[in-house]
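Novice: Sequence plus the predicted model coming up.
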Amino acid sequence: MGRPALNPVVVLGATGSIGTQTLEVADRCNLTVAAAAAGAVSESLVAIARRYPDAQIAVAQPPTMPVDPAFERRLACGPDAVADLARIPGATVVNGIVGASGLAASLAALEAGNRLGLANKESLLIGGRLVMEALDAGSGELIPIDSEHSAIWQCLVGEPADAVLRVVLTASGGPFHAKPDVDLVRVSVVEALAHPTWDMGRRISIDSATLMNKAFEVIEAHFLFGLDYDQIDVVIHPQSFVHSFVEFVDGVVKAELGSPDMRKPIQFALGAPGRMPRAATPFDVVGVDLTFSEPDRERFPALDLGYRAGRRGGNGPAVLNAADEIAVAAFLDERIGFTEIVEVVADALDEVPIGSIDTLAAALEADAAGRDAARRSVAVRSVR
Ligand code: MG
């Protein structure tokens, strides 16, 4: 019995971690790659263009150096060119763009009625309301590509919307949660980048170490699943085998588990509601210990700060995210200490006036305001 043909894939952020793994999954599942986009021209993008000679190629920033003429003829440039790829009819758009520019592409995909496989966190943090409105208004679909939200999404298949009592997001705890003796004021960049279970980019590794990444995921879950913040809990699960839980009103709890591997949520987003053959190494439960504990909210104040920004609503999540991006960059540059990351973000939330986000322009404005406020806070700290 054959399965129905799956949509061609548009990969935005094609040279990044999610993009590269999406291309790998698409190849293995024999899916057509219709288009690929990246922030700028790079050797890896040229290699992708060669590997997929029929794919449309776009970059947000025009090349500043001469490029191969054959490549240049295929190249569309500018942020609009990237969003245009998201509108290719009948595509599944995997949005692996890093940063605020991912929001426009997410909106474009949904407005065009496409399936959006969403790995760009900023889409929901900056424009959660806009994205969910675009989803409700049209015929597009949104399937999250993040292990926790994909797990929840999969647990909810076939369930009535009012059946959910709460969700529990699992967090590895990063490199420091299991080490209560480590003085977080003094940890180095190298120590903070050493994630125990997931191999990830630099910002998300730091965000995992502060638990800010989990705070973001709480806010994303609020938007994705229409849950109140008091229906979203976080539990520390160092093995990262259980990717999240859903507890239903009758007391039944579902979970999705397996080895930590982003190719699974990517493949699910490309193939849902069907399932394609194995995306990852088999999971052997024998001998596996699963442990769960409360997060240490005093040592890791990012978590409660995230809930606070989420409950504030409006521009709160956008400011939280933008300020964190600046603060993490400052930590990676050794301009501020590890615990100052969250202090900078808290400063920005205090400084930027509460506002609503009704348009893409307002979303980007809130993002810029959060960034500016964080830069000011970093500048004061750096000279001390
Ligand atoms: Mg995650």
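Specialist: Arrived safely, thanks for sending. Residues are numbered from 1 along each chain as shown.
Novice: ok, now which ones touch Gly16?
Specialist: When contacts are counted by CB atoms under 8 Å, 6 or more residues apart in numbering, Gly16 touches 38, 96-98, 201. Where C-beta positions appear, they are placed from N, C-alpha and C, glycine not excepted.
Novice: how about a cut-off of 10 Å?
Specialist: Neighbouring residues of Gly16 by CB atoms under 10 Å, 6 or more residues apart in numbering: 22, 38-39, 44, 96-98, 119, 201.
Novice: now, which of those lie within strands?
Specialist: Ala38 (DSSP state E).
Novice: Buried subset of the contacts of Gly16, written for ChimeraX?
Specialist: In ChimeraX, a selection of the buried entries from the contacts of Gly16 looks like this (16 or more other CB atoms under 10 Å):
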select :22,38,39,96,97,98,119
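Novice: ok, the contacts of Gly16 vs the ion, which is closest?
Specialist: The ion lies nearest to Ala119 out of the contacts of Gly16, by CB to the ion, at 9.6 Å.
Novice: pretty sure that closest one contacts Ile266?
Specialist: Yes - Ala119 is within contact range of Ile266, at 7.9 Å (criterion: CB atoms under 10 Å).
Novice: what do these two both touch?
Specialist: By CB under 10 Å, 6+ apart, the residues touching both Ala119 and Ile266 are 18-19, 21-22, 94, 96, 145, 150.
Novice: farthest pair in those residues?
Specialist: Greatest spacing in those, by CB to CB: Gly19 and Ser150 (16.9 Å).
Novice: Provide a list of residues in contact with the closest residue to the ion within the stretch 151-300 of the chain.
Specialist: Closest contact between the stretch 151-300 of the chain and the ion, by CB to the ion, is at Glu217 (5.6 Å). Shown in contact with Glu217 (CB under 10 Å, 6+ apart): 121, 124-125, 144, 146-149, 152, 169-171, 207, 211, 224, 232, 234, 244, 306.
Novice: make it 8 Å
Specialist: 146, 148-149, 169.
Novice: These in helices, which ones?
Specialist: 148-149 (DSSP state H).
Novice: can you pull out the helices in the stretch 101-250 of the chain?
Specialist: All helices of the stretch 101-250 of the chain, identified by DSSP state H, counting those that start in this stretch, fall at 102-111, 121-137, 147-156, 189-193, 202-210, 212-225.
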